[in-house]
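Peer 1: Give me the fold of what follows.
(one chain, ligands or ions: 1)
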Amino acid sequence: MAVPAAALERLVAAAQAAAARAHAPASHFRVGAALLLADGDVVSGCNVENASYGLTICAERNAVARSVVQGGRREVTAVVVHTACDPPGYPCGACLQVLAEFAPDDGGDIDVVLVNPAGKMVHTTLRALMPHPFRFDHDA
Ligand code: THU
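Peer 2: Coordinates of the predicted model:
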């Protein structure tokens with residue numbers, strides 16, 4: 001299902017604001033992510049790099065972690081990712097796997113929208129980017 005226009009506008013603004021707060025002294029590549037939750041909440045995150053490079057956390061996973069801390073039903077229905085490249089960048093595989101954990105309980109998909117400062121937008125879905133995420137019942 002496409003993200004409603006009013007929600008999309010709000011998500012883009014939140015992702016852009018988050019990207020501006022990125023801690024990216026190593027790559028200077030600022031990423032902002034904004035999640036739309038099933039209850040209507042919008043939660044954002046930015047990438048946070050570290051001098052020990054492998055400890056870097058991506059914007060998308062930071063946003064998911066924040067949403068969990070906030071409590072409630074954390075089903076994600078849409079995510080907007082803001083990067084300053086052209087075309088706008090896709091979430092990495094690790095972030096796709098983590099987003100899949102919070103896909104709607106009814107088996108619904110997550111809308112994924114990529115945007116850059118020029119306003120270029122790419123619309124896709126989590127299922128298109130990662131059709132077969134690992135699931136808890138795979139190791140049962
Ligand atoms: N990054 C993200 O925040 N999200 C992704 O999905 C891919 C990469 C960040 C990590 C690092 O701080 C910078 O982008 C360059 O890789």
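Peer 1: Please report the distance of residue 19 from residue 33.
Peer 2: 8 Å (C-beta to C-beta, to the nearest Å). For every residue, glycine as well, the C-beta is placed using N, CA and C.
Peer 1: Overlap in contacts, the two.
Peer 2: Here residue 19 and residue 33 have 46, 59, 82 as joint contacts, going by C-beta atoms under 8 Å, 6 or more residues apart in numbering.
Peer 1: just checking, which of these belong to helices?
Peer 2: residue 59 (DSSP state H).
Peer 1: closest to the ligand among the shared contacts of residue 19 and residue 33?
Peer 2: residue 59 (3.9 Å; C-beta to the nearest ligand atom).
Peer 1: Can you check the pLDDT for residue 1?
Peer 2: Looking at residue 1, its pLDDT is 66.
Peer 1: Ok, residue 14 next?
Peer 2: 98.
Peer 1: From the ligand, how far out is it?
Peer 2: 15 Å (C-beta to the nearest ligand atom, to the nearest Å).
Peer 1: Quick check: chain neighbours aside, which residue is closest to that residue?
Peer 2: residue 34 (3.7 Å; C-beta to C-beta, 6 or more residues apart in numbering).
Peer 1: The ligand contacts on this protein?
Peer 2: Within the chain, the positions near the ligand by C-beta under 6 Å from any ligand atom are 24, 27, 29, 31, 47, 49, 56, 58-60, 91-92, 95.
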